[in-house]
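> fold the following and give me the result.
(2 chains)
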Amino acid sequence: MKIVGLIIVSVTGALLIYAAADFPAWSDPASPASTYLSPHFIEKTMEETSVPNIVTAVLADYRGFDTMFETTVIFSAGVVCFFLLRISRREEPEARHYRHVLTGVTVQLKEGYKIPPSADFERIDAVWTPPDLIIKTGCRILIPFIQLFALYVIAHGHHSPGGGFQGGVILGASVILFAISHDLRTAVRRMSEKLIGILCAVGVLIYAGTGALCLLLKLNFLNYSALAGVLHVDPVTARSHGILIVEIGVGIAVLATMIWIYNNVSSAGRYRQGL
Amino acid sequence: MIDLISTVVAKYNYWIYITLMMIGLYAMIAKNNLVKKIVGMNIFQTAIILFYVSIGVKKGATIPILEHGHGPDAHQVVHAVDYINPLPHVLMLTAIVVGVATLGVALALAIRIYNNYNTLEEDEILVQIREK
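The predicted model follows:
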């Protein structure tokens, strides 16, 4: 298999190198990729959408339909991880372990017994490593700033590098950091599985709903100029606002999917202690 | 000879992307461990991203965010040569996030396979499938 692989790789590589001889030189302003469509985007974006960040404008407006289905791909990846891994059948172990948070005493309960409902006890696995205090405190300080930065990246995507995908990933990373520094049960208590599933769908719904709203207002699907009457602005500014709405939808969908994938993959669908 | 060297130097982005892409392809074909195959797939994706971003570069141009201000001279004329090509950046922005999502699905499949066969080595899995 190694020799076959080596032969395939060398033949493909040789063909690619042969083809690369016809490619334009690096950083050539007259290369085919930079001559047909992209000058239009660069020169007309400001007057057509009033968004200075051309990447955001092309992403959510000129190629809005493509981005909608990219968001759908991410949504379905989250759903696939859930269906592949999540173990819905409850297989309770013989004895369950609870830890009294104030004293650190661990209680083992046999089947059928229950502890009085109280916030002082937390459920733990039979093999349990306490989260490190320094890491816990450090993350507690860091996470709000990470989330603030993520919101800035989403909201300021029109004027600086950023947007829904990037901001959503940073937001998701902050929640994943919380799950790593504490444990998965604490993270799921803060942000339940149901909420993540709903957020995931709501993000895609915001995107597709904005498109459908444009359709109801008698213009094409995802033609944000139709929103001018609803938002009380001129059609060009309406495109800018439409892009922002759509980016928020993308951000929510990406945030929820990243957490969903992490929760399922890190605990193999059991939602216990996690990593 | 000098011609050849100048061609090689002028297109060095293509040589790097081809090398990376072939490393990824080789890992996907020849490696026995499923996680190493997934790592190979990611190297392959990174090579494509490098390729796309490198064809967007223009000499002497800046990032594709228009310089703008407020006031009377807010809207000056924009020249396409001053800004790099935004299109490859748009395509790769979504591709990176979709790449993370597909990585999640691939790892989920690997976990399911491990639960079934107690191994991630391809040949051992094939032996177990033949025995059934």
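> all helices of chain B, in order?
Counting by DSSP state H, chain B has helices at residues B:2-10, B:12-30, B:34-55, B:86-117, B:122-131.
> out of these, flag the one nearest residue A:257.
Closest to residue A:257 of those, according to Cβ to Cβ: helix B:86-117, at 6.4 Å. The C-beta positions use only the backbone N, C-alpha and C, and glycine is treated the same way.
> quick one: the closest one near chain A?
Yes: under the criterion of Cβ under 8 Å from any Cβ of the partner chain, chain A is reached by helix B:86-117 at B:86-90, B:93-94, B:96-98, B:100-102, B:104-105, B:107-109, B:111-112, B:115.
> circling back to that earlier point, least reliable of the helices of chain B going by mean pLDDT?
The weakest mean pLDDT among the helices of chain B belongs to helix B:2-10, with a mean of 84.
> hmm, back to that, of the residues of helix B:86-117 next to chain A, just the buried ones, ChimeraX syntax please.
A single ChimeraX command selects the buried members of those (16 or more other Cβ atoms under 10 Å in any protein chain shown):
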select /B:86,87,88,89,90,93,94,97,98,100,101,102,104,105,107,108,109,111
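> gap between stretch A:13-23 and the chain center?
36 Å (Cα atoms, centre = their mean, to the nearest Å).
> typo on my end, it should be stretch A:44-55
25 Å.
> list the buried ones in that stretch?
A:45-46, A:48-55.
> export the residues you listed to a markdown table and tack on distance to chain B and secondary structure?
Below are the buried residues of stretch A:44-55 laid out as a markdown table (distance: Cβ to the nearest Cβ, whole Å; DSSP: H, G, I helix; E, B strand; the rest coil):
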| residue | distance to chain B | secondary structure |
| --- | --- | --- |
| A:45 | 7 | helix |
| A:46 | 6 | helix |
| A:48 | 12 | helix |
| A:49 | 11 | helix |
| A:50 | 10 | coil |
| A:51 | 9 | coil |
| A:52 | 4 | coil |
| A:53 | 5 | strand |
| A:54 | 4 | helix |
| A:55 | 5 | helix |
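> hmm, residue B:101 and residue A:78 touching each other?
Yes: look at residue A:78 against residue B:101 with Cβ atoms under 8 Å: they come within range, at 7.2 Å.
> okay, and the common contacts of those two?
Residues touching both residue A:78 and residue B:101 (Cβ atoms under 8 Å, 6 or more residues apart in numbering or on different chains): A:257, A:261.
> with adjacent residues omitted, what lies nearest to residue B:98?
Ranked by Cβ to Cβ, 6 or more residues apart in numbering or on different chains and with sequence neighbours excluded, the top spatial neighbour of residue B:98 is residue A:73, at 5.5 Å.
> tell me how many other residues surround that neighbour.
Using other Cβ atoms under 10 Å in any protein chain shown, residue A:73 has 14 other residues around it.
> check whether it sits in a helix, strand or coil.
Put simply, residue A:73 is helix when judged by DSSP: H, G, I helix; E, B strand; the rest coil.
> do you know how far it is from residue B:105?
Separation of residue A:73 from residue B:105 (Cβ to Cβ, to the nearest Å): 10 Å.
> just residue A:251 next, same as before
Where residue B:105 is concerned, residue A:251 sits at a distance of 21 Å (Cβ to Cβ).
> surely residue A:199 and residue A:252 touch.
Yes: between residue A:199 and residue A:252 there is a contact at 5.5 Å, judged by Cβ under 8 Å.
> more crowded one of these two?
residue A:252 (25 against 17).
> once you drop chain neighbours, what's closest to the more buried one?
residue A:203 (3.7 Å).
> quick one, what contacts that neighbour?
A:71, A:75, A:249-256.
> again, only this time at 6 Å
Residue A:203 makes contact with A:249, A:252-253 under the criterion Cβ atoms under 6 Å, 6 or more residues apart in numbering or on different chains.
> just the ones in helices from these, please.
Per DSSP H, the subset of the contacts of residue A:203 in helices is A:249, A:252-253.
> which one of those residues is nearest to chain B?
residue A:253 (10.0 Å; Cβ to the nearest Cβ).
> can you tell me the SS state at the closest residue to that closest one other than its chain neighbours?
Excluding the flanking residues, the one nearest residue A:253 by Cβ to Cβ, 6+ apart is residue A:203, at 2.7 Å. Three-state call for residue A:203 (three-state DSSP): helix.
> separation between residue A:203 and residue B:120?
33 Å.
> what residues does the stretch 101-250 of chain A put near chain B?
residue A:165 (Cβ under 6 Å from any Cβ of the partner chain).
> how about the strands in the stretch 101-250 of chain A?
For the stretch 101-250 of chain A, applying DSSP state E, counting those that start in this stretch gives strands covering A:106-109, A:121-124.
> tabulate the ones you listed (a markdown table), appending mean neighbour count and mean pLDDT.
Shown next, in a markdown table, are the strands of the stretch 101-250 of chain A (neighbours: other Cβ atoms under 10 Å in any protein chain shown; pLDDT from 0 to 100):
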| stretch | mean neighbour count | mean pLDDT |
| --- | --- | --- |
| strand A:106-109 | 12 | 80 |
| strand A:121-124 | 15 | 78 |
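> just want the most central residue of the chain.
Just so you know, I chose chain A. For chain A, the residue whose C-alpha lies nearest the mean C-alpha position (Cα atoms, centre = their mean) is residue A:254; its distance is 2.1 Å.
> could you do chain B instead?
Centre-nearest of chain B using Cα atoms, centre = their mean is residue B:46, 2.4 Å out.
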